[in-house]
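Colleague: using only what follows, build the 3D model:
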Amino acid sequence: MSLKLDLNCDMGESFGAWTMGHDTEIMPYISSANIACGYHGGDPGVMRETVACAREHGVAIGAHPGLPDLQGFGRRAMQITEQEAYDMVVAQIGTLAGVAASQGTRLNHVKAHGMLYNMAVKDRALARGIAKAVHDVDKSLVFFGLAGSHMLEEARALGLTAAGEVFGDRSYQPDGSLTPRNKPGAMITDVNQSIEQVLRMVKESKVIAQDGTSVAVKADTLCLHGDQPDAVEFAIAIRAALKEHGIAVKAVSNG
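Modeller: Residues are numbered from 1 along each chain as shown. Alright, predicted model coming up:
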């Protein structure tokens, strides 16, 4: 069986005079772009430019909804209900869908951002609210969620195509969750260690947690963090390693 993997990256998170990430440098090396919709990052002009750049490179376009927290970049916890999660995700998907239509293209997927994503990993009701929002706006959209989590279960229960997301630059805990960013060793900064983790997840369907536990994962899409200092180097090296090992890079599609 041939192996394949989607490479996704969070993009379009600059706004106003503030610049975030390395979007134009990374775009040639990925297959899916998760574009901020204005709540945690992004503004109308940045959304348009990022959508156009992704289209130019043949990269699948996805909405990247987050918590309404520009100052905290959507990485601060917030008490919200399932209904509030639903409402804010509906509004953000709709915004980016409109921008995509103006550029002659359409959305392929949705991936929640930052703390909204992390909260949904731990809270099934929030995961259900996000999945229902995706379904109610456009049930043909692919739902991205942490591999092995109930996020994927909630999406599939609604009939959505769900893609299990894995991380090459983050360490894992024995329960399959990501090590919180404020904990030691959360980020993997050595590109060779990152490549080793990625290849193990794709070829062996497992990841080694911080305590040495082997955790089963199904890797459909790999997140490349565009805001890391060595993001471009990581993207180039991981793409080259996948090619060397015969792993095709391809966006996840519905059907």
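Colleague: rest of the way, CA atoms for contacts and neighbours
Modeller: Will do.
Colleague: so where is the stretch 51-200 of the chain shaky, pLDDT-wise?
Modeller: Applying pLDDT under 70 to the stretch 51-200 of the chain flags no residue at all.
Colleague: so which residues of it form strands?
Modeller: Taking DSSP state E, counting those that start in this stretch, the strands of the stretch 51-200 of the chain run over residues 60-64, 109-111, 142-146, 162-167.
Colleague: and those strands: which comes nearest residue 51?
Modeller: Shortest distance between residue 51 and the strands of the stretch 51-200 of the chain, using C-alpha to C-alpha, is found for strand 60-64: 6.9 Å.
Colleague: is it possible to get CSV of the strands of the stretch 51-200 of the chain that adds mean neighbour count and distance to residue 186?
Modeller: Listed next are those as CSV, based on neighbours: other C-alpha atoms under 10 Å; distance: least, C-alpha to C-alpha, whole Å:
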stretch, mean neighbour count, distance to residue 186
strand 60-64, 28, 22
strand 109-111, 27, 21
strand 142-146, 27, 16
strand 162-167, 25, 11
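Colleague: redo those strands as TSV? Include distance to residue 99.
Modeller: Formatted as TSV, these follow (distance: least, C-alpha to C-alpha, whole Å):
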stretch	distance to residue 99
strand 60-64	11
strand 109-111	15
strand 142-146	18
strand 162-167	24
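Colleague: which one, of the ones you listed, ends up nearest to residue 218?
Modeller: strand 162-167 (6.3 Å).
Colleague: neighbouring strands for the closest one, and are they parallel or not?
Modeller: Based on DSSP bridges, the pairing partners of strand 162-167 within the sheet are strand 142-146 (parallel), strand 221-224 (parallel).
Colleague: what's the closest of the ones you listed to residue 167?
Modeller: Ranked by C-alpha to C-alpha, the member of the strands paired with strand 162-167 that lies closest to residue 167 is strand 221-224, at 5.3 Å.
Colleague: so who does the closest residue to residue 72 other than its chain neighbours touch?
Modeller: In space, and not counting its chain neighbours, residue 72 is closest to residue 40: 7.5 Å by C-alpha to C-alpha, 6 or more residues apart in numbering. Taking C-alpha atoms under 8 Å, 6 or more residues apart in numbering, we find residue 40 in contact with 13, 65-74.
Colleague: longest helix of this protein?
Modeller: In the chain, ranked by residue count with DSSP state H as the criterion, the top helix is helix 82-102.
Colleague: just to revisit the earlier point, dump the strands paired with strand 162-167 to a markdown table, plus distance to residue 156.
Modeller: Output for these, formatted as a markdown table (distance: least, C-alpha to C-alpha, whole Å):
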| stretch | distance to residue 156 |
| --- | --- |
| strand 142-146 | 9 |
| strand 221-224 | 16 |
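Colleague: ok, which of these comes nearest residue 233?
Modeller: Across the strands paired with strand 162-167 (criterion: C-alpha to C-alpha), the nearest stretch is strand 221-224, sitting at 10.8 Å.
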